[in-house]
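J.: here you go, sequence then predicted model.
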Amino acid sequence: MSDIERRLIVNSDDLGRTSGINEGIFAAHDKGMVTSATLMVIYPAAAEAAGALDRYPELGVGPVSYTHLRAHETGS
């Protein structure tokens, strides 16, 4: 048996896209199903999501890259 600690990271995309998506991601995190999320900063609900992050200190959050956002907008 190895002494290496293993950790599963479950990332949820689209935090900030809509209020409903925000609620779903935060609920999944509360239940231990989601450990991190990517924040879609170009959508109006991003400010709402960012404002709620103080209540979820264990949720790892990072911004989505501009390249990913452009692909998302254009459907590429």
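T.: Structure received. Residues are numbered from 1 along each chain as shown.
J.: strands of this protein, start to end?
T.: With DSSP state E as the criterion, the chain has strands at 11-15, 36-39, 60-63.
J.: okay, the ones you listed in JSON lines with mean neighbour count next?
T.: All C-beta spots, glycine's among them, are computed from the backbone N, C-alpha and C. Converted to JSON lines, those look like this (neighbours: other C-beta atoms under 10 Å):
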{"stretch": "strand 11-15", "mean neighbour count": "20"}
{"stretch": "strand 36-39", "mean neighbour count": "21"}
{"stretch": "strand 60-63", "mean neighbour count": "14"}
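J.: may I ask you to name the longest helix in this structure?
T.: Using DSSP state H, we find that the single longest helix of the chain is helix 19-30.
J.: may I have that helix as CSV, with CA atoms only?
T.: Taking C-alpha atoms only, helix 19-30 is exported to CSV below (Å, rounded to 0.1, in the frame of the first residue of the first chain):
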residue,chain,number,x,y,z
SER,A,19,-28.5,32.3,-11.1
GLY,A,20,-29.9,28.7,-11.5
ILE,A,21,-26.5,27.3,-12.4
ASN,A,22,-24.9,29.2,-9.5
GLU,A,23,-27.5,27.7,-7.1
GLY,A,24,-26.9,24.2,-8.5
ILE,A,25,-23.1,24.4,-8.2
PHE,A,26,-23.3,25.7,-4.6
ALA,A,27,-25.8,23.0,-3.7
ALA,A,28,-23.6,20.3,-5.2
HIS,A,29,-20.6,21.7,-3.2
ASP,A,30,-22.7,21.7,0.0
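J.: okay, which residue is most central for this protein?
T.: In the chain, the C-alpha nearest the mean C-alpha coordinate belongs to Ala37, at 1.9 Å (C-alpha atoms, centre = their mean).
J.: leaving out sequence neighbours, find the closest residue to that residue.
T.: Excluding the flanking residues, the one nearest Ala37 by C-beta to C-beta, 6 or more residues apart in numbering is Leu15, at 4.1 Å.
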